[in-house]
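1. my questions concern the predicted model and sequence given below.
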Amino acid sequence: MAQFNPQFLVQPEGMIQKQRMFTFFLACLGIAVLVSMLLAVCLGSAKIAPGDAYRIILAKVFNLPLNDIAGPVSQAHLDIIWQIRLPRVLMSAVVGAGLAVCGAVMQAAVQNPLAEPYLLGISAGASLGATFSILIGGLAGVLFGLGTAVWAFIGALAASLFVMTLSGIGGRASPVKMILAGSIASALFIALANFIVYLSSNAEGVRSVAFWTMGSLAAAKWDNLALPAAGIAASCIFFLTQFRILNTLLLGEETAITLGIDLARVRQLYLVITALITGLIVAVCGIFGFVGLVVPHVARGVVGADHRRLLPAAILTGAIFLIWADVLARIVLTSGELPIGILTALVGAPFFMYILVKHSVHFGGQ
């Protein structure tokens, strides 16, 4: 009988060192998120010292007497930090993390390094659903007051199914067919949304719809933060447990089928969850293009393609990216606020061109 060799339980020193380096890297990203949030609440038309902002947040979170912790603080600064900037910064972190994990999962699920909610038409579908809810309304309006969020999810799910169905016609879906189907879906759903806007006589509703097309975090408040935060947090936790399946999908459909993975069911499940995340984001903040494309590739370039490392790195990087994108949107213009969707497109479009030109893009291996 062969004797048991306990050395098989010992990890090579290089693997242990690599894991320690990754853990340290994640810790640095986590600290960077917290520092970014603290600095972000201080920046804007009214600049506030980081120490004052920290003491205000500490007093409000732990329900402590404000003057005992923060010292003399004006009511204006208190309202700016707690009622306006902190919910907005938290929303930017949540949305950035959600879009990043959507991009990483979609790129693996459809085996396409260019996949993300904006390019595959999912954001356009969610925007159509939100436009329909605002200007026309429907039965979803009575569901716990979540009409816009429900219709945005329905639109995102419809776009996902449309892209998967169209790209699968005439044979197996390919990366090129997925991008072409996404372009068709974007054009179709945006045209339908514009048609609804054109026929509407609701001037206030039309102005609200303009918000969805450019994206902004200005509407972030404490009362509309809980739903997207809970949905995105639950989705991120779920996808963090799916790293083995996501890694297998990168090896190709034949390998995944050989290992017993039901590709159709897995893709449907992942697309439904990413549609849910996209719908929640669009319902509250509008369309942010290219975040789900840029952030996963940046994280992949640092930590590799293994989703055990890629997903947590992308989540934290996405939060940092959108926090500072929102800060830039608030301070770049002295006369007002620049829609954040414009900034993400200005960053993402050149990155998209780079990926198209760089045919040797690193995607499926370490």
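-> Thanks, I have it.
2. buried stuff in stretch 20-38?
-> For stretch 20-38, burial by neighbour count (16 or more other C-beta atoms under 10 Å) applies to 22, 25-26, 29, 33, 36-38. Just so you know, the C-beta spots here come from the backbone N, C-alpha and C atoms, and that holds for glycine as well.
3. worst mean pLDDT across the helices and strands of this protein, which element?
-> Sorted by mean pLDDT, DSSP states H and E, the helices and strands of the chain end with helix 66-70, the least confident at a mean of 59.
4. only the buried residues of stretch 121-139, if you could.
-> 121-135.
5. any idea which of those is closest to residue 310?
-> The shortest separation between residue 310 and any of the buried residues of stretch 121-139 is 20.4 Å, and it belongs to residue 122 (by C-beta to C-beta).
6. quick one: mean pLDDT over the longest helix seen in the chain.
-> Using DSSP state H, we find that the single longest helix of the chain is helix 13-40. For helix 13-40, the mean per-residue pLDDT is 89.
7. now swap in stretch 255-272 and tell me
-> If you average the pLDDT over stretch 255-272, you get 80.
8. residues in contact with stretch 255-270?
-> If you take C-beta atoms under 8 Å, 6 or more residues apart in numbering as the criterion, stretch 255-270 is touched by 105-106, 109-110, 164, 242, 245, 248-249, 253.
9. between the two ends of it, how far is it?
-> Its first and final residues considered, stretch 255-270 spans 19 Å by C-alpha to C-alpha, to the nearest Å.
10. repeat for stretch 206-220
-> The separation between the terminal residues of stretch 206-220, taken as C-alpha to C-alpha, is 20 Å.
11. C-terminal to the longest helix of the chain, what's the next element?
-> If you walk from helix 13-40 toward the C-terminus, the next helix or strand you reach (DSSP states H and E) is helix 50-61.
12. list the buried residues in the helix or strand that contains residue 350.
-> Under the criterion of DSSP H and E, residue 350 resides in helix 340-357. In terms of neighbour count (16+ other C-beta under 10 Å), helix 340-357 has its buried residues at 340-341, 343-345, 347-348, 352, 355.
13. tell me the contacts of residue 252?
-> Contact analysis of residue 252 by C-beta under 8 Å, 6+ apart lists residue 111.
14. let the chain start at 48 from now.
-> Will do, 48 is the new start, and the previous item becomes residue 299.
15. how close does it sit to residue 161?
-> Here residue 299 is placed at a distance of 17 Å from residue 161 (C-beta to C-beta, to the nearest Å).
16. pLDDT on the helix or strand harbouring residue 367, on average?
-> Residue 367 belongs to helix 354-378 when assigned by DSSP H and E. The average pLDDT within helix 354-378 is 93.
17. ok, now which ones touch the spatially most central residue of the chain?
-> Central residue of the chain (C-alpha atoms, centre = their mean): residue 146, 1.4 Å from the mean position. For residue 146, the contact set (C-beta under 8 Å, 6+ apart) comprises 163-164, 324-325, 328, 335, 338-339, 342, 365, 369.
18. swap in residue 338?
-> For residue 338, the contact set (C-beta under 8 Å, 6+ apart) comprises 143, 146-147, 150, 163, 165, 365, 368-369, 391, 395.
19. how close does residue 394 sit to residue 229?
-> Relative to residue 229, residue 394 is positioned 20 Å away (C-beta to C-beta).
20. how close does the closest residue to residue 111 other than its chain neighbours get to residue 98?
-> Closest residue to residue 111 apart from its sequence neighbours, by C-beta to C-beta, 6 or more residues apart in numbering: residue 105 at 7.2 Å. Distance check for residue 105 against residue 98: by C-beta to C-beta, it reads 11 Å.
21. any weak-confidence spans in this structure?
-> 48-61, 112-120, 184-193, 218-222, 258-259, 403, 405-413 (pLDDT under 70).
22. in it, which spans are strands?
-> With DSSP state E as the criterion, the chain has no strands.
23. just to revisit the earlier point, distance from the longest helix of the chain to the middle of the chain?
-> Taking C-alpha atoms, centre = their mean, to the nearest Å, one finds helix 60-87 lying 20 Å from the centre of the chain it belongs to.
24. also stretch 299-317?
-> The gap between the average C-alpha position of stretch 299-317 and the chain average comes to 24 Å, counting by C-alpha atoms, centre = their mean.
25. report the buried residues of it.
-> Judged by neighbour count (16+ other C-beta under 10 Å), stretch 299-317 contains these buried residues: 303, 308, 313-314, 317.
26. ok, so of the buried residues of stretch 168-186, who is nearest residue 133?
-> When the buried residues of stretch 168-186 are compared for distance to residue 133, the smallest value, 25.0 Å, is given by residue 177; criterion: C-beta to C-beta.
27. how close does that closest one get to residue 234?
-> Using C-beta to C-beta, one obtains 18 Å as the distance from residue 177 to residue 234.
28. quick one: the helices in the stretch 98-247 of the chain?
-> When assigned using DSSP state H, counting those that start in this stretch, the helices of the stretch 98-247 of the chain occupy the ranges 113-117, 122-126, 133-156, 169-182, 194-215, 222-246.
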